[in-house]
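Student: Build the 3D model from these lines:
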Amino acid sequence: MNVKIFENYFIITFDHVQHDDRIHEVGKKRNDKEEKSVVLSDNVSEKEAFISKRALESTLEKSRSMLVRFESQRKTFIPANNFRRTLAGKRLSYGRGFFANIGYSFDEIFPTGIVSHVGFSPLYATISFNTNFEISQVRLGFGSSIRMSEKIRLHLNASFGTLAKTLTVADTLGSHLVTLKSNLARVGLASEFLLTGRTRLQLGLQLNYLNTDYNSHSALIVGDVSRYQTISLPYTISNTFTYKTWIGCQVSVTHVITRQNR
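Tutor: Numbering: from 1, shown residues only. This is a model prediction of the structure:
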């Protein structure tokens, strides 16, 4: 039995063996005495030929039976292109189809956030609103994801947001305002896990880069410089008066609005 892919369907073919049961009679004459013997193809005896013929007929009957079952079930066979797609599902792939989701997120700076992803797996847009109840921001970004298995995807994304804060500083000359404006850029790598049919859990690490500009309105900035910051950081990898970097984590739970072909 051979299995071949022809156009969009699997074709099963059977190799039928042809059998020639003709018996050849060969006359031989030896010592003036004629002997007749029955010689079969390949020197097979009559009994063996009979058994071989019955076995062949049984094999052909089984082949016909399998062919009948195949013909009756051919409508249920999977098209070849879908079969290849099923095999590809076990390897890395982007997946296809437009998707949109929305959910809740939090990280080491903002304990509350709303995040949404819209687009296609190779490239999608992100928008989020984050707050720590003292300062808030709207973040925009983009990302890309690839399927690792049926229930796991890997995401690479980047986002940008602005933070603004105004402080009142008092010194011997009186009080004055200091305006802080920070640009927060993030690049992250996250794993997404399928919880239910439409619910996803995403866990990831992200590199943060914070750049802050200060406007003291011509007044001197004095005292503890740590008070002049838009957000409080748990720790830093590098820390200057203007630039700060650190590695943080983010957790989000999203609900798929339009179902994605994973």
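Student: what's the neighbour count on residue 230?
Tutor: 19 (other C-beta atoms under 10 Å). For the C-beta atoms, the positions are set from N, CA and C on the backbone; glycine is no exception.
Student: Surely it touches residue 164?
Tutor: Yes: under the criterion of C-beta atoms under 8 Å, residue 230 makes contact with residue 164 at 7.2 Å.
Student: intersection of neighbour lists for the two?
Tutor: 135, 180-182 (C-beta atoms under 8 Å, 6 or more residues apart in numbering).
Student: Buried only: go through those for me.
Tutor: Applying 16 or more other C-beta atoms under 10 Å to those, the neighbour count classes 135, 180, 182 as buried.
Student: Looking at those residues, spot the one nearest residue 142.
Tutor: Residue 142 has its nearest neighbour among these in residue 182, at 21.0 Å by C-beta to C-beta.
Student: Would you convert the buried ones among the shared contacts of residue 230 and residue 164 into CSV that also reports pLDDT and secondary structure?
Tutor: Listed next are those as CSV, based on pLDDT from 0 to 100; DSSP: H, G, I helix; E, B strand; the rest coil:
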residue, pLDDT, secondary structure
135, 94, coil
180, 91, strand
182, 95, strand
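Student: any idea which of these is closest to residue 195?
Tutor: Relative to residue 195, and with distances defined as C-beta to C-beta, the nearest of these is residue 135, at 31.3 Å.
Student: Show me the domain layout of this structure.
Tutor: 2-88, 99-258 (automatic domain parsing).
Student: where do the strands sit along the stretch 101-250 of the chain?
Tutor: Remark: strands assigned in the stretch 101-250 of the chain by DSSP state E, counting those that start in this stretch are 112-120, 123-131, 136-147, 152-171, 174-194, 199-215, 238-239, 243-258.
Student: Which of these sits closest to residue 101?
Tutor: strand 243-258 (4.3 Å).
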